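K.L.:
turn this into a structure:
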Amino acid sequence: FQKMNSGAAIQAALAGGSVQIGNGSATSVITAYAHGLPLQFVCGGAFYEAGNRVPYQMLLVGKASPMKTAADLNGKTLGLAVARGDLAAMSTQAWVEKHGGDWQSIRILEIPQSAMAAAVDQGRIDGMSMGSPSSTIALASGKVRILADPFEAVAKRFSIAPWFSATSWARANPEIVQRF
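P.N.:
All right, here's what the predicted structure looks like:
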């Protein structure tokens, strides 16, 4: 098992042969495939379901932050693990725009999820959009609170993190893919 910070890193590792199967955003896999990277889904993974008490993806702000609405984010700085093109970035943008904020006015800082809570605490960013388990850990610290569930702007239920591999590896190892 190797932990990687983004779907792009997982896809690069798959393409280079250093890992055989990865898990990450369906959006990034589809985008990579559309740009010619030969990837394929192996099996489903985690599903998002609207209304969960603790959302999978969370838009978090400091515990004492006055921000309460999407418009309150205008002109502020948000942390994202990947600035654009992945599910977290697109769903956060969709949530902001759907709820009256101005996405174009928000400054995005690409920062590892593991560093986001400290960045909010130190005032380097005003909020962050991150997925579980990092979001749950940040919330448990007591230093941040949930502003929104960005995935609710996408759909009420959808696959968020399927398992995927390089197509060549899957074709060469059908028995492993089948068992997986």
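K.L.:
stretch 146-166: end-to-end distance?
P.N.:
Taking C-alpha to C-alpha, to the nearest Å, stretch 146-166 runs 36 Å from one end to the other.
K.L.:
just how off-centre is that stretch within its chain?
P.N.:
Its chain's C-alpha centre and that of stretch 146-166 lie 8 Å apart, by C-alpha atoms, centre = their mean, to the nearest Å.
K.L.:
show me the shaky parts of this structure.
P.N.:
Within the chain, no range satisfies pLDDT under 70.
K.L.:
which residues in it form helices?
P.N.:
Using DSSP state H, the helices found in the chain span residues 7-16, 26-34, 87-98, 113-121, 134-140, 167-172, 174-179.
K.L.:
and Gln20, backbone torsions?
P.N.:
Main-chain torsions, Gln20, degrees, to the nearest 10: phi -110, psi -30.
K.L.:
coming back round to it: for the helices of the chain, which one ends up most surrounded?
P.N.:
Burial of the helices of the chain is given as mean neighbour count (mean count of other C-beta atoms under 10 Å); helix 87-98 ranks first at a mean of 22. In this view, the C-beta of every residue, glycine as well, is placed from N, C-alpha and C.
K.L.:
what's near enough to touch the residue nearest the centre of the chain?
P.N.:
Nearest residue to the geometric centre of the chain (C-alpha atoms, centre = their mean): Ala88, 3.5 Å. Each residue near Ala88 by C-beta atoms under 8 Å, 6 or more residues apart in numbering is listed here: 25, 57, 80-82, 129-131, 150.
K.L.:
which of these lies closest to Val19?
P.N.:
Val19 lies nearest to Ser25 out of the contacts of Ala88, by C-beta to C-beta, at 16.1 Å.
K.L.:
neighbours of that closest one, how many?
P.N.:
27 (other C-beta atoms under 10 Å).
K.L.:
need the contact list for it.
P.N.:
Per C-beta under 8 Å, 6+ apart, neighbours of Ser25: 7, 86-88, 160-161.
K.L.:
dump those residues to a markdown table, plus distance to Trp169.
P.N.:
Formatted as a markdown table, these follow (distance: C-beta to C-beta, whole Å):
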| residue | distance to Trp169 |
| --- | --- |
| Gly7 | 17 |
| Asp86 | 22 |
| Leu87 | 24 |
| Ala88 | 26 |
| Ile160 | 23 |
| Ala161 | 19 |
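K.L.:
thought Pro55 was touching Leu147?
P.N.:
No - using C-beta atoms under 8 Å, Pro55 makes no contact with Leu147, being 10.9 Å away.
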